[in-house]
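Engineer: Need a 3D model of the following:
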Amino acid sequence: MSENNAGPTDRRTVLKAAGAAGIMLATSAFAATPRKRYAVVGVGSRARMFTGAITGKYRDGNEIVAICDSNPGRAALAVRTIAATGASQPTAYQAADFDRMIRETKPQYVIVTTPDAKHDEYIVRALEAGCDVITEKPMTTTAEKAQRILDAVKRTGRHIRVTFNYRYTPPRSQVKDILMSGEIGDVMSVDFTWLLNTVHGADYFRRWHSNKAMSGGLMIHKSTHHFDLVNWWLGAQPELVHAFGSRQFYTPATAKRMGLTGAHERCLTCPEKQKCTFYFDLAADPGLKAIYLDNEKHDGYYRDQCVWRPEINIEDTMNVMVRYDNGTQLTYALSAYDAWEGYHVAFNGTKGRLEHRIVEQVGAAGASEVQSKSNVVETRVIPLRGAPREVEPWTGTGGHGGGDAVMLEEIFGNAPADKYKRLADERSGAWSILIGVAANQCFETGQSVRIADLVTGLNPPDRAPMPTRETPVPMPLRRKIP
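Structural biologist: Sure thing, here's the model as predicted:
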């Protein structure tokens, strides 16, 4: 074979070989792509949504490298549970060793599911250590702590995601879709009533949530979900808050009116457990028993405290009024002892009214039964002077009416671009809790509170486009008057 004839053949052979090698290298690189590394701080019942997703459906791209908790028994349980899935073998750390955990395990993300009042401590330390943060709602409990978090984000350039799963529940996303469409025009007022029944509502009064210093009360721990929904639905920010709140039902006096001798320490040792229908059997749920009852010897925390205890200092009856920067006015009510569970919200706009109602079945937090089953979902649009239109509700499956699954896909999977802008960062987290902070101040002083007086440097979050007050409004249908 001559040299001239050999040249082209050799080049083709080399190119084919190089191409094959490149494919092999690319395939090898893809296969070797490291999984995202997570540390989880606080492994009570709420952490299981995140750990279950990472060790289950999303294990190929994510792994838990560390667990941190103030209760060594609970931390060890979380490690055993995660390791049993075969997804990873995380290392357990005590709360005092948080900074050492970051140095040794080098997580890219820290998931914060501690009691609410401790969120800011771990969020800020994680940001300063170079990690991004995923935090359970509420982001924090006071204006001072919110300011600390906002300042840390600006200082470090890191990111926070606040897991507002209510945004992702299909019927609530559908409400956003209708509002975005402009079918009822721009929203002038909102009436929003949320009801907690005596199964779910009572559960807040037997946990650490009944201590306002830890939870911020229901105005922050629970209502942050609801205020965030309104902020997101409207695409607006709150300006002024006035509120009233009191504790009327979960009191020693109510216990006596129901025939009990009074409040006791906890359900497990209650001498009147046979008489009290608020009795909570902590040992009956395997998950709650393993997390709390089996580990209370380490920290003395009782998950089944009496709901009638005199030292409870959170409200069970709350009414709030909010004025928004676009002129919309919100009236909101929350109570925790109602005959049914769920909510009703109505939006009054320049072109009509949108009504949305969900009746839910919700049990004790963290119990094995799926939370927030939607038994009734009703949505209708009523145009000005027109006939109502019943809306077929969007549906989903799983926790929180299907919202958990959609949100987890966005966090740990490959969700498509979202026109509703449901991802919430520290700005949305702050705007939602500051309504509750302002309401708590109103409870004490009786005076209205301006949100601008609570923090500085808080900007609007990324928002989906909404109808504006400059959009032309059609004349309503003619009706004979009188």
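
Engineer: Name the helix or strand for Leu334, please.
Structural biologist: Taking DSSP states H and E as the criterion, Leu334 maps to strand 329-338.

Engineer: What residues sit buried inside that strand?
Structural biologist: Of the residues in strand 329-338, those with enough neighbours to count as buried (16 or more other Cβ atoms under 10 Å) are Leu330, Tyr332, Ala333, Leu334, Ser335, Ala336, Tyr337, Asp338. The C-beta positions use only the backbone N, C-alpha and C, and glycine is treated the same way.

Engineer: Could you find which two of those are furthest from each other?
Structural biologist: Farthest apart among the buried residues of strand 329-338 by Cβ to Cβ are Leu330 and Tyr337. That separation is 22.8 Å.

Engineer: what's the following helix or strand after the strand holding Leu334?
Structural biologist: Using DSSP H and E, the helix or strand that follows strand 329-338 towards the C-terminus is strand 341-349.

Engineer: so Gly457, which of the three states?
Structural biologist: coil (DSSP: H, G, I helix; E, B strand; the rest coil).

Engineer: quick one: it and Ala152 touch, right?
Structural biologist: No - with contact defined as Cβ atoms under 8 Å, Gly457 does not reach Ala152; the gap is 11.8 Å.

Engineer: Looking at the two now, which is surrounded by more residues?
Structural biologist: Comparing Gly457 with Ala152 by other Cβ atoms under 10 Å, the one with more neighbours is Ala152, at 20 against 10.

Engineer: And the pLDDT at that one?
Structural biologist: Note on Ala152: pLDDT of 98.

Engineer: How about Gly7?
Structural biologist: In this model, Gly7 is scored at 37, pLDDT.

Engineer: got a list of contacts for stretch 460-480?
Structural biologist: By Cβ atoms under 8 Å, 6 or more residues apart in numbering, the residues outside stretch 460-480 that reach it are 176, 179-180, 182, 185-186, 234-235, 237, 326-327, 350-351, 383-386, 419-421, 423-425, 427-428, 431.

Engineer: quick one: which of these sit in strands?
Structural biologist: Pro383 (DSSP state E).

Engineer: Would you verify that Glu378 is located in a helix?
Structural biologist: No - secondary structure of Glu378, determined by three-state DSSP: strand, with no helix assignment.

Engineer: bridging residues for it?
Structural biologist: Note on Glu378: beta-bridge partners Arg357, judged by DSSP bridges.

Engineer: List the contacts of it.
Structural biologist: Glu378 makes contacts with Glu355, His356, Arg357, Ile358, Glu390, Pro393, as judged by Cβ under 8 Å, 6+ apart.

Engineer: Would you mind checking these for buried ones?
Structural biologist: Members of those that pass the buried threshold by neighbour count (16+ other Cβ under 10 Å) are listed as Glu355, His356, Arg357, Ile358, Pro393.

Engineer: is it possible to export those to a markdown table including distance to Tyr109 and pLDDT?
Structural biologist: What follows is these, written out as a markdown table (distance: Cβ to Cβ, whole Å; pLDDT from 0 to 100):
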| residue | distance to Tyr109 | pLDDT |
| --- | --- | --- |
| Glu355 | 39 | 98 |
| His356 | 34 | 98 |
| Arg357 | 37 | 97 |
| Ile358 | 32 | 96 |
| Pro393 | 34 | 96 |
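
Engineer: Closest to Arg37 out of those residues?
Structural biologist: Using Cβ to Cβ, Ile358 is the member of these that sits closest to Arg37, with 37.3 Å.

Engineer: Name the nearest residue to that closest one, ignoring sequence neighbours.
Structural biologist: Closest residue to Ile358 apart from its sequence neighbours, by Cβ to Cβ, 6 or more residues apart in numbering: Gly342 at 4.8 Å.

Engineer: Quick check, the one you found in contact with Leu195.
Structural biologist: Yes - taking contact to mean Cβ under 8 Å, the distance of 6.0 Å between Gly342 and Leu195 places them in contact.

Engineer: Can you check what pLDDT the model gives the closest residue to Met258 other than its chain neighbours?
Structural biologist: Closest residue in space to Met258, ignoring its immediate chain neighbours: Cys276 at 7.9 Å, by Cβ to Cβ, 6+ apart. Per-residue confidence at Cys276 stands at 98 (pLDDT).

Engineer: Quick check: Cys276 is in a helix.
Structural biologist: No - note on Cys276: no helix contains this position according to three-state DSSP, which reports coil.

Engineer: That one: neighbouring residues, count only.
Structural biologist: By other Cβ under 10 Å, 19 other residues sit near Cys276.

Engineer: Please report phi then psi for it.
Structural biologist: Main-chain dihedrals, Cys276, degrees, to the nearest 10: phi -90, psi 120.

Engineer: again with Thr261
Structural biologist: Residue torsions, per degrees, to the nearest 10, at Thr261 are phi -80, psi -20.

Engineer: Burial check on the closest residue in space to it that isn't next to it in sequence, number of neighbours?
Structural biologist: The shortest distance from Thr261 to any residue that is not its chain neighbour, by Cβ to Cβ, 6+ apart, is 6.6 Å, and that residue is Glu272. The tally of other residues near Glu272 (other Cβ under 10 Å) stands at 16.

Engineer: got the contact list for Glu272?
Structural biologist: Residues near Glu272 by Cβ under 8 Å, 6+ apart: Leu260, Thr261, His264.

Engineer: Mind giving me the ChimeraX command for buried ones among these?
Structural biologist: In ChimeraX, a selection of the buried entries from the contacts of Glu272 looks like this (16+ other Cβ under 10 Å):
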select :260,264
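
Engineer: want to throw the contacts of Glu272 into CSV with pLDDT and distance to Gln89?
Structural biologist: Supplementary listing: those in CSV, determined by pLDDT from 0 to 100; distance: Cβ to Cβ, whole Å:
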residue, pLDDT, distance to Gln89
Leu260, 98, 48
Thr261, 96, 51
His264, 97, 42
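
Engineer: Looking at the contacts of Glu272, which is nearest Lys118?
Structural biologist: Nearest to Lys118 among the contacts of Glu272, with distances taken as Cβ to Cβ, is His264, at 28.0 Å.
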